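>>> turn this into a structure:
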Amino acid sequence: MDPVTEEGPTVPEAVPSIAPYPREALEQVLAVIDVQPDPAAGPDWFTGGSYGPSRSRIFGGQVLAQSLIAAAKTVDSSRPVHSLHGYFLRPGDPRLPISFTVERLRDGHSFSARRTHAIQRGEALLSMISSYQEPADGLDHQVEMPVVPGPDELPSLDTQFGNSDIPMVQRLLRERPVDMRHVEGPIFLHPGPDQVAHQAVWIRAGAAMPDDPLLHTALMAYASDYSLLESFLRRHGLSWATPGMKSASLDHAMWFHRPARMDEWLLYTQESPSASGARALGLGRLFTRDGVLVASVAQEGMMRVP
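I've put the predicted structure just below:
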């Protein structure tokens, strides 16, 4: 995802692509997603860089998180975000800065709505609408969290792949700011043992985070883009290393039900109810370790196989 013209605003130098896992990677990602105002471009304009410039394109979760923070900075801090709906329109160039323009759609008695465009070279990379609400009391219910092994019972990615000599795997370990532990085992290199359209992944920030609820929410949005379409891959006996496979996120929606910290374990349950027309749908839910549902996610992606 990318936004801005060739002669757009300047930003700090790109973050180095290789960072020791996990604290340094987390610190660099938090610095990147916390976009800053760009008064020279105009009111409600922000600018930011990219994490992992060695990649051929910008990670979609990064631009989603940056767009969320840009929009939230135009809303009173007493109104946390409760939903976002975004479309990924173009791949972004990690070597260039990204501009974010926020349109104030509405500020009502209880709700505020914003539209954010992420821009590079004068073209939109992401178009997102987000909504914010004053805290309110009301009826309350949620689905139950499934019973799965806890994160302490599962091996980390470092344990499983730390000795790998595959460059892609080593980059993943060094650059990822989030600890991920797959209940059914990861499918980075090889398909899962069962062709099922569901999985569960424990996720947590790689180190302690500041006490800023917006940063926790933004990192949750960032991490939600990592593995949501893996249920499609499992269902069809594929892995991320399947030769010739091409994938790209098309859209992303999130609903934030209750507050949560990203430096505490969250269970990310995922399923793919349908795939057709070279598109796969992924649905996800995020629970705290004690079973509180904090967010729901939906994403459709382009998935083309040889």
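
>>> the stretch 1-150 of the chain: strands as residue ranges?
36-37, 45-48, 81-88, 98-107, 111-120, 123-133 (DSSP state E, counting those that start in this stretch).

>>> most tightly surrounded among those?
strand 45-48 (a mean of 25; mean count of other C-beta atoms under 10 Å). The way it works is simple: take the backbone N, C-alpha and C, and place the C-beta from them, glycine included.

>>> any regions of the chain where pLDDT drops low?
Low-confidence segments of the chain, defined by pLDDT under 70: 1-21, 53-54.

>>> all helices for it, in order.
Using DSSP state H, the helices of the chain run over residues 23-33, 60-72, 157-161, 167-175, 213-224, 230-235.

>>> show me what the shortest one is packed up against.
Same thing as helix 157-161. The contact analysis (3 or more C-beta pairs under 8 Å, 6 or more residues apart in numbering; DSSP states H and E) places helix 157-161 against helix 167-175, strand 178-182.

>>> ok, which of these comes nearest R114?
strand 178-182 (25.8 Å; C-beta to C-beta).

>>> sorry, back to before: dump the helices and strands packed on helix 157-161 to CSV, plus distance to A295 and mean neighbour count.
As requested, those are exported to CSV (distance: least, C-beta to C-beta, whole Å; neighbours: other C-beta atoms under 10 Å):
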stretch, distance to A295, mean neighbour count
helix 167-175, 24, 16
strand 178-182, 15, 21
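
>>> for these, give me TSV that also has distance to Y268.
Listed next are these as TSV, based on distance: least, C-beta to C-beta, whole Å:
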stretch	distance to Y268
helix 167-175	17
strand 178-182	9
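
>>> if we can go back for a sec, can you tell me which of the helices of the chain is nearest to A40?
helix 60-72 (15.6 Å).

>>> that closest one vs strand 178-182, what angle?
Counting by axes from the mean of the first three to the mean of the last three C-alpha atoms, to 10 degrees, helix 60-72 lies at 130 degrees to strand 178-182.

>>> okay, angle between helix 60-72 and strand 98-107 too, please.
Using the same axes, to 10 degrees, helix 60-72 lies at 50 degrees relative to strand 98-107.

>>> doesn't L96 make contact with G48?
No: assessed by C-beta atoms under 8 Å, G48 is found out of contact with L96, at 10.9 Å.

>>> enumerate every residue touching the residue nearest to S130 when sequence neighbours are not counted.
Using C-beta to C-beta, 6 or more residues apart in numbering and skipping the chain neighbours, the partner closest in space to S130 is L84 (4.1 Å). By C-beta atoms under 8 Å, 6 or more residues apart in numbering, L84 lies in contact with 64, 68, 128-131, 221, 252-254.

>>> contacting residues for F46?
Contacts of F46 by C-beta under 8 Å, 6+ apart are 35-38, 66, 69-70, 73, 99-102.

>>> same thing with A65?
33, 218-219, 221-222.

>>> for it, give its distance to R304.
Distance, A65 to R304, using C-beta to C-beta, to the nearest Å: 26 Å.

>>> from what I see, D158 and L173 are in contact.
Yes: using C-beta under 8 Å, D158 is in contact with L173, at 6.2 Å.

>>> how near is the nearest residue to S77 once chain neighbours are set aside to P193?
Of all residues not flanking S77 in the chain, L214 sits nearest, at 7.9 Å (C-beta to C-beta, 6+ apart). Per C-beta to C-beta, L214 is found 40 Å from P193.

>>> so which of these two has more stuff around it?
L214 (18 against 11; other C-beta atoms under 10 Å).

>>> now the more buried one: how far from V183?
29 Å.

>>> do R57 as well
Counting by C-beta to C-beta, the gap from R57 to V183 is 29 Å.

>>> same question, P97
Separation of P97 from V183 (C-beta to C-beta): 39 Å.

>>> who's more crowded, the two?
P97 (22 against 18).

>>> hang on, the more buried one packs against G49?
Yes: under the criterion of C-beta under 8 Å, P97 makes contact with G49 at 5.9 Å.

>>> which residues touch P243?
P306.

>>> repeat for the one 3 residues further on
Applying C-beta under 8 Å, 6+ apart, we find K246 in contact with 302-304.

>>> beta partners for it?
R304 (DSSP bridges).

>>> what's the distance between it and W240?
11 Å.

>>> go on, L173?
14 Å.

>>> okay but R176 is in contact with P22, surely?
Yes: with contact defined as C-beta under 8 Å, R176 counts as touching P22 (7.3 Å).

>>> between these two, what contacts are shared?
What both R176 and P22 touch, as defined by C-beta under 8 Å, 6+ apart, is the set G206.
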